[in-house]
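Participant: Sharing a sequence plus its predicted fold:
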Amino acid sequence: MKIIIKFTIATEEGLAALLTLTHAIAIEKFSKLLELSFVEKYIHENFSDSNLVEELNSMSNQWLIAYVDNIPAGFVQITSKGVRPSSLDRKRAIRIANFGILKKYFNLGVEEALLEKSLAVCRPYEAVWINEYIQNPFIRLFESKGFVKQSEINQLDELPLNAVYLIA
């Protein structure tokens, strides 16, 4: 099994891989927590073709895709967008957002490789933050890499799920 992490741009191949991953991972992550119609609305509003092209072309974002034997297995968005924890107000900080791996690739080292590459991209910043729903199974992975769970509970972006900030 060969794991490769690649930066993604708004090419036909990159967009197709991201569309497939964003839709499948959102359904896997949220369909047991929210009504399917709400998940589908979230996907449509955040991961449509036009929205992804705009996000891929934004200077505020970098997108990485994890490939396992040349098959897209996961992705992450590294961005300056999003509501920051108040403790980062005066720091040069970046966010790891939308970190996701297809379930069939869990525990194969894909999540570790994708997070390591993400952290390498984030090195020039004073701090890195993540906003994740409380039940996310990747929280343990984030904590193992030095992220510290903050005490304040907030909302996961535009989803009605309790979330927590993690800061490294």
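Facilitator: Looks like it came in fine. These numbers were taken from a predicted model, which means no experiment stands behind them.
Participant: mind listing what the closest residue to Leu161 other than its chain neighbours touches?
Facilitator: Excluding its sequence neighbours, the residue lying closest to Leu161 (Cβ to Cβ, 6 or more residues apart in numbering) is Tyr133, at 4.2 Å. Bear in mind the C-beta positions are built from the backbone N, C-alpha and C, glycine included. Tyr133 sits next to Leu33, Leu156, Leu159, Leu161, Asn162, Ala163 when contact means Cβ atoms under 8 Å, 6 or more residues apart in numbering.
Participant: Can you show me the strands along this structure?
Facilitator: Assigned by DSSP state E, the chain shows strands spanning 3-8, 61-68, 71-79, 93-101, 127-133, 148-155, 162-167.
Participant: mind checking which of the ones you listed is nearest Ala113?
Facilitator: Comparison of these against Ala113 by Cβ to Cβ identifies strand 3-8 as nearest, at 4.9 Å.
Participant: Tell me which of the contacts of Tyr133 has the lowest pLDDT.
Facilitator: Across the contacts of Tyr133, the smallest pLDDT goes to Leu156, namely 83.
Participant: and Ala17, how many residues sit next to it?
Facilitator: Using other Cβ atoms under 10 Å, Ala17 has 20 other residues around it.
Participant: before we move on, the earlier item: now the strands of the chain as TSV including distance to Ser118?
Facilitator: Putting the strands of the chain into TSV (distance: least, Cβ to Cβ, whole Å) gives the following:
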stretch	distance to Ser118
strand 3-8	8
strand 61-68	6
strand 71-79	5
strand 93-101	5
strand 127-133	8
strand 148-155	17
strand 162-167	13
